[in-house]
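Trainee: show me the folded form of this:
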Amino acid sequence: MSDATAVPSGEAGTLHPPAISLREAWPWTLFGGALLLLTYLVGFGEGAALHEWVHDGRHLLGFPCH
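Mentor: Numbering: from 1, shown residues only. Sure, this is the predicted structure:
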């Protein structure tokens, strides 16, 4: 169970989502960007050396490569 409770503010019955500061959001943004870059490099990057390095991983993830 969660100890968090929602407290209406403003009009009665209106709930607002909690504010997320940039300090809390930037690690997740960085992680998401790194994940997208890795997906691109493994799945769609066609450099010869990179292709050979991630060849089996591409098949494991279902990316066709030849």
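
Trainee: could you say which helix or strand holds residue 46?
Mentor: Under DSSP states H and E, no helix or strand contains residue 46.

Trainee: what does residue 52 give?
Mentor: Residue 52 belongs to helix 48-53 when elements are defined using DSSP H and E.

Trainee: what do you get for residue 17?
Mentor: Judged by DSSP H and E, residue 17 forms part of no helix or strand.

Trainee: determine the number of other residues adjacent to it.
Mentor: Using other C-beta atoms under 10 Å, residue 17 has 6 neighbouring residues. Every residue, glycine included, has its C-beta placed from N, CA and C.

Trainee: which residues does it contact?
Mentor: Under the criterion of C-beta atoms under 8 Å, 6 or more residues apart in numbering, residue 17 has no neighbours.

Trainee: pLDDT score for it?
Mentor: The model reports residue 17 with a pLDDT of 84.

Trainee: ok, residues contacting the longest helix along the chain?
Mentor: Counting residues, the longest helix in the chain under DSSP state H turns out to be helix 22-43. Residues from elsewhere that reach helix 22-43, judged by C-beta under 8 Å, 6+ apart: 50, 54, 57, 58, 61, 63.

Trainee: how close does the fourth one get to residue 50?
Mentor: Think residue 58. Look at residue 58 and residue 50: by C-beta to C-beta, to the nearest Å, they are 10 Å apart.
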